[in-house]
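Visitor: next comes the sequence, and after it the predicted model I'd like to discuss.
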Amino acid sequence: MKTEIIDILQKYPAGAKENLIPILQDIQGNEGFLSKGSVIEVGNYLSMPTSKIFGVATFYNQFRFSPLGKFHIQVCRGTACHVLGSLTVLETIEKYVGVKAGSTSRDGIFSIEEVACMGACGLAPVISVNGNFHAKVNSESIKEILDSYRKQAEL
Amino acid sequence: MSFLIEINNKQVEARKGETILDVLKRNGIKVPTLCHLKDMFPTGSCRMCVVENLKTNRLVTSCSTPVEEGMKILTHSARVVESRKTIVELLLSNHPDDCLYCVRNKNCELQNLSEELHVRERRIRGVKNNNHIDRSSVSIVRDPDKCILCGRCVRVCEEVMGVSCIDFINRGSKTVIGTTFNQGLNTSSCVNCGQCIMVCPTGALSEKSHFPELLSMLSNPEKTVVVQYAPAISVSLAEELKLEPGKDINGIMNAALRKIGFKYVFDTTFTADLTIMEEASELVERVKTGGVLPMITSCCPGWIKFAEEFYPEMIPNLSSCKSPQQMMGAVIKTYWSGKTGVKPENIYSVSVMPCTAKKFEAQREEMTNKGITDVDAVLTTRELGQLIRMFGIDMNNLAPETTDSPLGYRSSAGKLFAASGGVMEAAIRTAYHFITGDELIKFKIEALRGFKGCKEAEVDIDGLKVKVAVVNGLANARILLDSIKRGEKTFHFIEIMACPGGCLNGGGQHIGASEEDVKQRMKTIYDIDDKETIKVSHKNPEIIQIYEEFLEKPLGHKSHELLHTHYYKRDVIH
Ligand code: SF4
Ligand code: SF4
Ligand code: FES
């Protein structure tokens, strides 16, 4: 069962704003994303305006504000991948899925995340879908890969 | 401790703890600034204020660098000017460049800098911003594409207003100023004060305008378009029209309003007097019957929304009086309509306010009577200036005119509403009369005047020591209210205005007024009070008349129906 937000918050002293980032990480670790409701609760607990919390959270790439899709696509944007065309790959994926990196498609099937180097430079450009790596992708192969995941989702 | 530093090859005195900018200002040397805000901690983020320190051979930001002994500063060396110019070129690189269509055309800091630094070509081309304009608020329009991320609005909203509904969102080139979850400003805790507009260097923030509807009403023969203006307008409109700052131009303003096509011209100061009659009666009643104290004023719609959001437990403390704007709206469409025979549904009632929150107030559900809105459109001082220019009115060639009667005559006490502390002074004058039957001997309460954020005084009314406080700037209201909640302070009566210094420095006023100009507005208000003979609201002959002919008595049945209201706890995202 999921931990309630309040259980997470109570691990930290009320009003201690310096814990903002660990709290947000904790919540995201638990719920997969930061919902509006949880941001408001954090604000109440830390006596902090939610605009500030949202400002801090959007500063870091690690936080997301919508739940992960059934298939979570991570696109490596490290140097090696960049040189070999990961930007085109990312754009192709965004077009295919219909949303920008950091978001989840309306049907909930895909979510996209940009990540810094995944440590698989030999496979560049590389993506991972729910932890499965796909090596040396290009804008053609990517469509086939995503098509097959979509079929799985529709089964 | 003071020492000498060299500025532009001249020795000048500097004190330890000062910034370079402080010293420059004292010596009349102007360097441009963008992110800097007076009396606030410098962020040093825009780099516009750079100067060259020959001692270290480096460019430093003058707003955030403390002076050091032996510094040799150049404020306008080739290197300095070149870097300032580059900063402006970078700011322009993603700017929409639609100056001709912008509300801030001819009054924009970015335009001025670009002109001063002689930017004559587009050297740096960036990807244009492409964000949504947020028109969700009834008072404030946000156009993030014109934003240069100076952060001034964020700081004012947090540090002066204690609201904090906007902040920097995202990072790097994707940074924007936005609300929690990028929702519309209307669902945020924004209190519509407009102080963010007042500090914005560009057209990224502006008031919501109702020009098309107003213009069509002015030319609609079936409508009787009437106007009222707040006590602060006559002393602050001058700057908007490039006339002498702080000058009272009441007479020619009346004439200009009629030229624009307003059929009847009323003075909201009349209903400021009416507010005093009702509010002083309410205070006396609360004190006598053991009602909820401290009573807190309710004229400022920014403060009211703030209370509904952040201090709902204090709603019973709020005076039930509507604001002067809404009282005027209500009596125009009842009392005046009855007297003149103009049907309420044919009246289009406009108000000119120094304030953007008044636009919000006018559309509150409670501000209607039997389905008819008290006030139909609200213009800021800036928008009135715009109207006057649009109608080609030459203010230097107008004979002064008076207001229409009734609803046009005022006391000088009502005029004090324009300044922080003014409602309090006016209320005390009348409350004293209600309690003792006499008049105060000394009207002036010096301790309640001026720009200080929180002012306190004790007034002796017939042996009763009445403790009062006056607050301006909602961040100061938080401090005072929290100390009351903790039981550290007690008062009978508190005046709270959202804007620093009160309405004369409201969010609808001329942008770019200097501190001196704003002080002059306040001085003019107090001069009017010194000069004039009717200094108390209860002696205003039209006030006596409206009670005789229509309202009967303060807090009477009609007053309750038309002049009083309720407030509600508001659920917004804090
Ligand atoms: S209008 Fe006032 S409360 Fe609203 S964003 Fe601007 S400064 Fe903040
Ligand atoms: S909206 Fe205006 S005041 Fe706010 S950061 Fe942008 S340019 Fe500065
Ligand atoms: S004004 Fe000094 S850095 Fe912005």
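Guide: Thanks, I have it. Since the structure is predicted, the reported quantities are computational estimates derived from the model, not experimental observations. Residues are numbered from 1 along each chain as shown, chains lettered A, B, ... in the order given. Ligands and ions are numbered 1, 2, ... in the order given.
Visitor: what's the burial count for residue 45?
Guide: Using chain A here. 20 (other CB atoms under 10 Å in any protein chain shown). Glycine gets a C-beta too; all of them are placed from N, C-alpha and C.
Visitor: nope, chain B
Guide: 15.
Visitor: I figured it hits B:H36, correct?
Guide: No - B:S45 lies out of contact with B:H36 (CB atoms under 8 Å); the separation is 9.5 Å.
Visitor: how close does B:R478 sit to B:E548?
Guide: Remark: distance between B:R478 and B:E548 (CB to CB, to the nearest Å) = 43 Å.
Visitor: same question for B:F493.
Guide: 28 Å.
Visitor: these two - which one has more neighbours?
Guide: Remark: of B:F493 and B:E548, B:F493 carries more neighbours, 26 against 10, as counted by other CB under 10 Å.
Visitor: number of nearby residues for the nearest residue to the more buried one once chain neighbours are set aside?
Guide: Nearest non-adjacent residue to B:F493, counting by CB to CB, 6 or more residues apart in numbering or on different chains: B:V468, 4.8 Å away. Neighbour count for B:V468, taken as other CB under 10 Å: 25.
Visitor: before we move on, what about A:T79?
Guide: By other CB under 10 Å, neighbour count at A:T79 equals 13.
Visitor: just checking, it touches A:C117?
Guide: Yes - with contact defined as CB under 8 Å, A:T79 counts as touching A:C117 (7.1 Å).
Visitor: domain assignment for chain A?
Guide: Chain A breaks down into these domains under automatic domain parsing: A:3-59, A:71-154.
Visitor: in a markdown table, list those domains along with mean pLDDT and distance to B:C102.
Guide: Shown next, in a markdown table, are the domains of chain A (pLDDT from 0 to 100; distance: least, CB to CB, whole Å):
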| stretch | mean pLDDT | distance to B:C102 |
| --- | --- | --- |
| domain A:3-59 | 93 | 26 |
| domain A:71-154 | 92 | 29 |
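Visitor: which one of those lies closest to ligand 1?
Guide: domain A:3-59 (9.5 Å; CB to the nearest ligand atom).
Visitor: name the nearest residue to A:E114, ignoring sequence neighbours.
Guide: Per CB to CB, 6+ apart, closest to A:E114 is A:A101, 4.6 Å.
Visitor: over to the one you found. Which of the three states is it?
Guide: coil (DSSP: H, G, I helix; E, B strand; the rest coil).
Visitor: contacting residues for it?
Guide: A:75, A:90, A:94, A:112-114 (CB atoms under 8 Å, 6 or more residues apart in numbering or on different chains).
Visitor: lowest-scoring secondary structure element of chain B by mean pLDDT?
Guide: strand B:368-369 (a mean of 86; mean pLDDT, DSSP states H and E).
Visitor: what strands line up against that one, and which way round?
Guide: Neighbouring strands of strand B:368-369 in its sheet, by DSSP bridges, are strand B:372-373 (antiparallel).
Visitor: and the residue nearest the centre of chain A?
Guide: A:E113 (4.6 Å; CA atoms, centre = their mean).
Visitor: hey, what's that one bridged with?
Guide: Bridge pairing for A:E113 - DSSP bridges - gives A:Q74.
Visitor: dump the residue contacts of residue 12.
Guide: As the question left the chain open, I've gone with chain A. Contacts of A:Y12 by CB under 8 Å, 6+ apart are A:19, A:22-23, A:45.
Visitor: meant chain B, my bad for not saying
Guide: Counted by CB under 8 Å, 6+ apart, B:V12 has contacts B:4-6, B:23, B:27.
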